[in-house]
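Undergrad: how does the following fold in three dimensions:
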Amino acid sequence: MIAPVSKSSVLLFLTLVAASTAAAQRPGAKPRPGDDVESVPARKPAASHPAPSVNVPERARYRVTLVGFRVNRETYDTFLETDGKGDEIRLAAQVQEFGPNGEAVAPPREVQSAVYGDRNTFPSRIAAGSRSAKGGLKTGDNVPAVSDPWVRREAPQPDRLPLLLWEGELRTNQNMVAISPTVWELDSDDLLNAPANVVIGVGDVVKSVGPIAAMIPGIGGLSRALMNVTKPAAAFAANVKERGNRPVGLAPAGGKLSFTPSVVGLTTTTAELVIAGQGGARSPGVIEVRYTDSEDLKGDYSLFLQVERLP
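TA: Numbering: from 1, shown residues only. Below you'll find the model as predicted:
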């Protein structure tokens with residue numbers, strides 16, 4: 001399980017890259033030019049935990065799907081629940097592909113789902129949750145409503161679970177894809193402006209990670225990635241508790257509420273590590289991304305992403 005966003009889940013991108021570094025490292029390998037070895041020293045694996053090892057193809061096609069989610073704790077809501085019983089949420093993700101020198105090779109892309117929750121007087125929503133006969137997300141609910149919501153049982157869909165986030169080819173040392181999945185609680189109405197209007201683009205979050213070749217097997221770019229990934233993506237006024245659509249995962253910062261998205265960075269190596277159940281994976285092929293609010297906002301959600309290699 002990945003820790004709440006306030007601690008280490010925002011570093012999932014770094015965890016995956018660090019794991020790919022260990023997997024690709026050869027005995028006696030020297031840092032490549034540009035590797036920032038002093039600011040982020042390499043860690044030697046403990047004797048009881050050998051470095052992960054996977055077979056990495058020169059190129060392969062992969063797919064990333066947001067399979068389901070779990071309500072670890074529902075968010076704060078007004079007493080009247082005029083927007084529907086329990087939580088009503090929308091899933092979103094920003095996707096950015098990068099070339100060998102860390103350059104964006106296409107504009108960032110936004111993926112959004114339909115709204116899940118109580119359908120009473122909101123017929124456009126997808127009924128989800130057990131708060132009422134027509135839905136409403138509460139603490140302990142899984143979507144889909146099964147004991148293992150991280151297992152995909154249907155073909156990926158463009159606007160609902162299992163939600164297709166990205167599909168394409170990865171080439172070793174030549175490209176990578178960065179994916180920032182988020183979960184939004186709706187407190188005003190069903191009309192949600194694109195989360196990109198509020199959340200900084202994933203391309204801006206990781207655009208300075210540096211050349212991919214410098215990160216595998218070296219560690220160049222990790223300190224720059226750390227600086228960008230942990231930079232607050234947006235600040236919110238304190239009254240967001242009472243009204244307005246917001247991402248789950250808000251935390252106090254400088255007298256305001258800030259939000260820092262998790263970013264999953266996939267190369268051929270990190271994809272293969274996840275598929276093998278290593279490199280930060282919850283289980284083979286599954287990444288859990290968890291967002292936890294400050295105590296007064298209460299929300300705590302886990303998103304389950306599936307990484308798979310295609311024929």
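
Undergrad: C-alpha only now, for contacts and for neighbours.
TA: Noted.

Undergrad: look at the closest residue to residue 124 other than its chain neighbours and report its pLDDT.
TA: In this structure, residue 124 finds its nearest non-sequential neighbour in residue 115, 7.7 Å apart by Cα to Cα, 6 or more residues apart in numbering. At residue 115, the predicted lDDT confidence score is 93.

Undergrad: any weak-confidence spans in the stretch 101-250 of the chain?
TA: Judged by pLDDT under 70, the stretch 101-250 of the chain has its weakly predicted residues at 187-244.

Undergrad: change it to 80
TA: Scanning the stretch 101-250 of the chain for pLDDT under 80 picks out 101-102, 187-245.

Undergrad: quick one on the thing from earlier: tally of neighbours for the residue nearest to residue 124?
TA: 25 (other Cα atoms under 10 Å).

Undergrad: can you list the strands that the strand or helix carrying it pairs with?
TA: In this assignment (DSSP states H and E), residue 115 forms part of strand 109-117. Strand pairing for strand 109-117, using DSSP bridges, gives strand 89-98 (antiparallel), strand 126-127 (parallel).

Undergrad: looking at those, which is closest to residue 267?
TA: strand 89-98 (10.0 Å; Cα to Cα).

Undergrad: quick check: residue 60 vs residue 130, distance?
TA: Distance, residue 60 to residue 130, by Cα to Cα, to the nearest Å: 41 Å.

Undergrad: among these two, which residue is more densely surrounded?
TA: residue 130 (20 against 15).

Undergrad: quick one: strands adjacent to the longest strand belonging to the chain?
TA: In the chain, assigned by DSSP state E, the strand with the most residues is strand 59-73. If you go by DSSP bridges, strand 59-73 pairs up with strand 142-143 (antiparallel), strand 163-171 (antiparallel), strand 300-310 (antiparallel).

Undergrad: residues touching the residue lying closest to residue 306 once chain neighbours are set aside, list them.
TA: Excluding the flanking residues, the one nearest residue 306 by Cα to Cα, 6+ apart is residue 286, at 4.7 Å. Residues near residue 286 by Cα atoms under 8 Å, 6 or more residues apart in numbering: 150, 274-275, 277, 304-307.

Undergrad: mind doing that once more with 7 Å?
TA: 274, 304-307 (Cα atoms under 7 Å, 6 or more residues apart in numbering).

Undergrad: any idea which of these is least confident?
TA: residue 274 (92).

Undergrad: show the subsequent helix or strand relative to the strand or helix carrying it.
TA: Residue 274 belongs to helix 268-275 when assigned by DSSP H and E. Following helix 268-275 in sequence order, the next helix or strand is strand 286-292 (DSSP H and E).

Undergrad: and that next one with strand 59-73, angle?
TA: On the basis of axes from the mean of the first three to the mean of the last three Cα atoms, to 10 degrees, strand 286-292 is oriented at 40 degrees to strand 59-73.

Undergrad: excluding its backbone neighbours, what's nearest residue 179?
TA: Per Cα to Cα, 6+ apart, closest to residue 179 is residue 95, 4.6 Å.

Undergrad: burial check on the one you found, number of neighbours?
TA: What residue 95 shows, counting by other Cα under 10 Å, is a neighbour count of 23.

Undergrad: wait, isn't it in contact with residue 109?
TA: Yes: under the criterion of Cα atoms under 7 Å, residue 95 makes contact with residue 109 at 5.1 Å.

Undergrad: sounds good, over and out.
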